[in-house]
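A.B. asks: turn this into a model:
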Amino acid sequence: MDPRKTTLTLAVLTVLFLGLAVVFFRTPARPERIFQAALVPSDALAIVPDTIRISAGRLVSSGGDASGLQCYACHDKKSPPKIVYDANHHVVLPKEHRDLIYSMRNCAECHPANDPVKLEYDADNNVILPKAHLRLGEMAHGSVLRNEDCYTCHDPNQLDQLHTAEGTRLTLDNATLLCAGCHGTTYRDWQAGAHGRRSGYWDQSRGELLRQGCTSCHDPHAPVFTPLIPMPGPHALHARN
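C.D. replies: Predicted structure coming up:
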């Protein structure tokens, strides 16, 4: 190989790397400056950290349309609703409130997208659940029916408020404090950032740190997530000879 070509190649590479080093040290270590230098909007690569559901409390606190949460648009303040139970002491939800449970049930969690579920509806346009899925439409908070009572959490004398076991009243946007009454360990993890969804800024001098409450992920009427069907283990589809 010609020594002159080798020398020229090394000289070009040296100049190139020196130029990159100058650019690197002169560019502040801030992502937004780098994006602007590359003519990319600072929010173009941002990921919106949202949760799987919008809770009633979050809807109220954000100023959204909470007209559907006006309990006393239908109920009489002087006559708290009577809770009806079935033979197994499960709450029988009024027809008007079945969406409290259905709203969190996503068929695609278990049924594949290439074989979509064909839903059937009754005369009132309500989904008809198959017999195998009837339990999905029931209250399911607590494994030993301790919370199968609307008034364990809701205040019977003020339906648009919650109450703790000690009787402290809470608004819907403070539901996390209600959850803490039974789930203290999880609540401490949530406070420390080891449980739940955080967004915003770690460096709070640059912006606010946001914590999503319990009901932004968990449906309070059926908080357990639907189990996922596990995929086959390694080589399970290809038996060895």
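
A.B. asks: end to end, how far does stretch 68-86 reach?
C.D. replies: Stretch 68-86 stretches 27 Å from its first residue to its last (C-alpha to C-alpha, to the nearest Å).

A.B. asks: and the strands in this structure?
C.D. replies: 154-155, 158-163, 169-171, 198-200, 209-211 (DSSP state E).

A.B. asks: can I get those strands in a markdown table with mean pLDDT and mean neighbour count?
C.D. replies: (C-beta placed from N, C-alpha, C; glycine too.) Shown next, in a markdown table, are the strands of the chain (pLDDT from 0 to 100; neighbours: other C-beta atoms under 10 Å):
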| stretch | mean pLDDT | mean neighbour count |
| --- | --- | --- |
| strand 154-155 | 92 | 18 |
| strand 158-163 | 91 | 17 |
| strand 169-171 | 93 | 15 |
| strand 198-200 | 85 | 14 |
| strand 209-211 | 87 | 12 |
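
A.B. asks: nearest to M139, of those?
C.D. replies: Across these, M139 has its closest neighbour in strand 154-155 (12.1 Å, C-beta to C-beta).

A.B. asks: partner strands of that closest one, parallel or antiparallel?
C.D. replies: Strand 154-155 has the following strand partners under DSSP bridges: strand 158-163 (antiparallel).

A.B. asks: if we can go back for a sec, closest to G57 out of the strands of the chain?
C.D. replies: strand 169-171 (7.3 Å).

A.B. asks: partners of the closest one, with directions?
C.D. replies: When sheet partners are counted by DSSP bridges, strand 169-171 sits next to strand 158-163 (antiparallel).

A.B. asks: now the partner strand, how far from the centre of its chain.
C.D. replies: 23 Å (C-alpha atoms, centre = their mean, to the nearest Å).

A.B. asks: cool, stretch 12-25 as well?
C.D. replies: Stretch 12-25 has its C-alpha centroid displaced from the chain centroid by 46 Å (C-alpha atoms, centre = their mean).

A.B. asks: likewise for stretch 181-201?
C.D. replies: Distance, centroid of stretch 181-201 to centroid of chain: 13 Å (C-alpha atoms, centre = their mean).

A.B. asks: start at 27 instead
C.D. replies: I'll keep to 27 as the first residue from here, and by that count the last item is stretch 207-227.

A.B. asks: can you give me the end-to-end distance of that stretch?
C.D. replies: Span of stretch 207-227 from end to end, C-alpha to C-alpha: 28 Å.
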